[in-house]
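> I would like the atomic coordinates for the input below:
(chains A and B)
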Amino acid sequence: MPFTLHRRRIALPAFVAVSAIGLAACATGTAPASSDSAEGAAGDEPVTLSLLIENSEVTVGIAEALTAAYTAENPNVTFDIEQRPGGTEGDNLVKTRLQTGEMTDIFQYNSGSLFQALAPTKTMLPLDDIATMDAVSDTFKAGVAAEGHVYGVPSATAMGGGILYNIPLYEELGLEIPTTWDEFMANNAAIADAKPDVAPVVQTYGETWTSQLFVLADFANVLAADPEWADKYTANEAKYADGSPAIDGFQHLQEVADAGYLNKDFASAGLDDGMRMVATGEGAHYPMLTFAFSSLQANTPDQVDDVGLFALPGEEPDSPLTTWLSHGYYASADTEHADAVKAFLSWVATPEACDVQTEAVGAQGPYFVEGCTIPDDVPQMVADMMPYFESGNTGAALEFLSPVKGPALEQIMVEVGSGIRSADDAAAYYDEDVKKQAQQLGLEGW
Amino acid sequence: MTDTLHAPQQAIPADGGEPAPTRRTRKRSNYPMWFYAPAGVIYGALFVVPTFASFYFALTRWTIFDSEFIGLENFKTFFAEPYLFESLLNTLFYATFTSGAKVVIGLLLAVFLSSQIIARGYLRSVVFFPVLVSAVGVGVTFSVLMDPFDGLINKMLAVVGVEGPGWLTDPDLALFSVALVDVWRGVGLATLIYIAGIVAIPQEYFEAAKVDGANAWRRFWHVTLPLMRPATTTVIILSLIGGLRSFDLIWTMTKGGPGFSSDVLASVVYKQYQAGFYGLSTAGNVVLFVLVAAIVIPLFWFLNRKEVDQ
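This next block holds a predicted model:
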């Protein structure tokens, strides 16, 4: 009996070994087929490409629209879309499938540090030679490159991370958009005084990843204060616990929690609850990524334009907005239809494909492909994000500048927000947590 | 076992004759040894090889494709894990609490359900039913029921004017709530084992006790309880092992949260695996394996020895 759990977990090496044999058999068996498809892609030979995507509404909407449009133009190419969960569970699934050679022809996944953890040089097909790669912005390419090769094309638009706020509430109380943290706290105090029923700050620990925004979306402020911080961090020379500006994110969460500004169901609410609160005015501020916009569209379509966005305020005025690259589409190294896959991914990086996306899910933010435009009548949240991009007042999130990201940040932030752990303690704790990731990646200096 | 015991006895009467050949012929089975081979191959490939491979991989930094030998570094990291100690305590609390509760409640239910009551068969199935439901299903159902605001439990408490706690969101209560659900789910199996134990007690003992004037309580205390020791041993061992390596309920109900407050060893290991630290999580599994063995083997020996003494 004591062995049962053990055996199940340790079966992995055996499984890997077995599937490696299967893989080798596959490779020899299908070698001729792949040269067939090289001509087949250009010709009319029917080919079905499998596609693995995250099960979020926007991702599914985009993938379905893109594949349908592509099949309409190229009737010989059809797609078989498979959905997977997001978060760490999804990471786990993607890694296991890559490791066992069970990956679909094309898969959608994060760019940046999570992409680096997939050992792209071994598991993915380089896409340097696809026709439209020049049109993809260098910012995005940097997030999906390894050892000089580019492995992905953008699967959506850029995202911003900041504070979503309820506009009618701001108008009613005559509040100004805060440009510093102190102004933000003053607004919170004003809301708490005037509206005891309204939660000044919304947190949703029913979905733990949402807790990280106070730290992650604050990174543009860190970068503004010290442009070298990410490189020092990668080299094990800078720490969150070293003090301001890096530790500010932890302390900000503790400040709002200590002041009693959180919604009372913060421990059990989820992302959709949070978005509903900030849309209907039950909550005033919600630190979140702009992709959560789709939750507004689905659940509170009448209040879509009641939600605005501003950058997470830091110590200095005019805080820059922390931005996230879009996820990417990647090609599995084991694909039997390399040419058909490349032809499709090349088409994804065209203005035509951007328009298909906009039509399917609305404009979510700026695209990474040259020549792509977004319509003039965008929702308020996206409209608020555009000036930051246009004036260049943005900073990339840490995960695109450093491969070092610890797995436990979400739990640590839940502890800070729930009053279990102090901010200083939490920052030191997180510094300890990232050590494992750095060692796992074999970085210098750890 | 029996062969080796018998062989010397047979050899003695031969007395200086040719004991060696006798022993050899006695030992030889009618079936060739390689009949064991298929089972041996399956056992070796699915159990022995992976187990020993895991002892090796626990000593490596194992990424998606390569592994690099790093000695005991993983164990050092694992034990330096700040929340490890807490999760160790949680594991022990969870295992002893669920095991203890299953023994006590299971025994009481078994005594009740083996007495002459109306709808006994129906009640027995009701008690056993949760065992048949998947742990994930139970976990999801109870996390909905235990929701602090919209959950049925707190809504019912509100009707009688009690403000229910955040069963799964209060850091001091989360692990306890999961343990309660585990008891609800597992007590049926304990009850079943106890019922089988009670039914196996010869009726003569009870009759003799009755003739001696023992009341129901004394019959329970002096007849049922002592004769239930083997059943108790089984229940304790099974539920303790289950509790020590419990994962499914905790993961579906709290994912170790809030924060790390309901983390147990198995969930720490799983989180490390999810993060891609394969070597580290294998080291964690080795630790879990050693812990389970270190607790259960001496306990098993101790409980069984008592049984023999009687």
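> Thought B:Phe247 was touching B:Val136, still the case?
No - B:Val136 is beyond contact range of B:Phe247, at 10.8 Å (criterion: Cβ atoms under 8 Å). Where you see a C-beta, it was placed from the backbone N, CA and C, and this is true even at glycine.
> And for the nearest residue in space to B:Gly197 that is not next to it in sequence, the neighbour number?
Nearest residue to B:Gly197, sequence neighbours excluded (Cβ to Cβ, 6 or more residues apart in numbering or on different chains): B:Ala231, at 3.3 Å. B:Ala231: 22 surrounding residues under other Cβ atoms under 10 Å in any protein chain shown.
> Retrieve the pLDDT associated with B:Ala231.
pLDDT, B:Ala231: 90.
> now B:Lys210
89.
> Who has more neighbours out of B:Val136 and B:Phe247?
B:Phe247 (17 against 13).
> can you tell me the residue of the stretch 201-350 of chain A closest to chain B?
A:Ala267 (3.4 Å; Cβ to the nearest Cβ).
> Any idea how many residues pack against A:Ala200?
Check again: residue A:200 is Pro, not Ala. 24.
> Check which helices and strands the helix or strand encompassing B:Ala95 sits against.
Using DSSP states H and E, B:Ala95 sits within helix B:84-113. Here helix B:84-113 touches helix B:120-132, helix B:174-199, helix B:229-244, helix B:265-274, helix B:278-309, going by 3 or more Cβ pairs under 8 Å, 6 or more residues apart in numbering or on different chains; DSSP states H and E.
> Quick check: A:Pro287 is in a strand.
Yes - counting by DSSP: H, G, I helix; E, B strand; the rest coil, A:Pro287 falls inside a strand.
> who's in contact with it?
A:161-164, A:201, A:213-214, A:217, A:312 (Cβ atoms under 8 Å, 6 or more residues apart in numbering or on different chains).
> taking those residues one by one, which sit in helices?
Per DSSP state H, helices hold the following members of those: A:213-214.
> Quick check: the farthest pair among the contacts of A:Pro287?
A:Gly161 and A:Val201 (15.3 Å; Cβ to Cβ).
> domains of chain A?
A:32-157+A:325-374, A:159-324+A:382-441 (automatic domain parsing).
> for stretch A:220-235, what is the average pLDDT?
91.
> Please read the previous query as pertaining to stretch A:335-353.
For stretch A:335-353, mean pLDDT is 93.
> first vs last residue of that stretch, how far apart are they?
23 Å (Cα to Cα, to the nearest Å).
> got it, and stretch A:146-163?
Taking Cα to Cα as the measure, stretch A:146-163 stretches 33 Å from start to finish.
> near chain B at all, it?
No - on the criterion Cβ under 8 Å from any Cβ of the partner chain, stretch A:146-163 is out of touch with chain B, staying 12.9 Å away.
> residues of that stretch that come out buried?
Across stretch A:146-163, burial judged by 16 or more other Cβ atoms under 10 Å in any protein chain shown covers A:146, A:150-163.
> go on, stretch A:72-85?
Residues of stretch A:72-85 classed as buried: A:74, A:77, A:79, A:81, A:84 (neighbour count, 16+ other Cβ under 10 Å).
> do stretch A:249-267 as well
Residues of stretch A:249-267 classed as buried by neighbour count (16+ other Cβ under 10 Å): A:249-257, A:261-263, A:265-267.
> can you check stretch B:172-179 too?
B:173-175, B:177-179.
> Out of the residues you listed, which is nearest to A:Lys141?
Nearest to A:Lys141 among those is B:Ala174, at 44.2 Å by Cβ to Cβ.
> how many other residues sit next to the residue nearest to the closest one when sequence neighbours are not counted?
Spatial nearest neighbour of B:Ala174, chain neighbours left out: B:Ser262 (4.3 Å); criterion: Cβ to Cβ, 6+ apart. B:Ser262: 27 surrounding residues under other Cβ under 10 Å.
> got a list of what B:Ser262 touches?
By Cβ under 8 Å, 6+ apart, the neighbours of B:Ser262 are B:90, B:174-175, B:178, B:250, B:254, B:256.
> before we move on, what about A:Pro351?
A:Pro351 sits next to A:369, A:371-373 when contact means Cβ under 8 Å, 6+ apart.
> hmm, which of the residues you listed are the buried ones?
Among the contacts of A:Pro351, those classed as buried by 16+ other Cβ under 10 Å are A:369, A:372.
> which bits of the stretch 151-300 of chain A sit near chain B?
Within the stretch 151-300 of chain A, the positions near chain B by Cβ under 8 Å from any Cβ are A:205, A:208, A:265, A:267-268.
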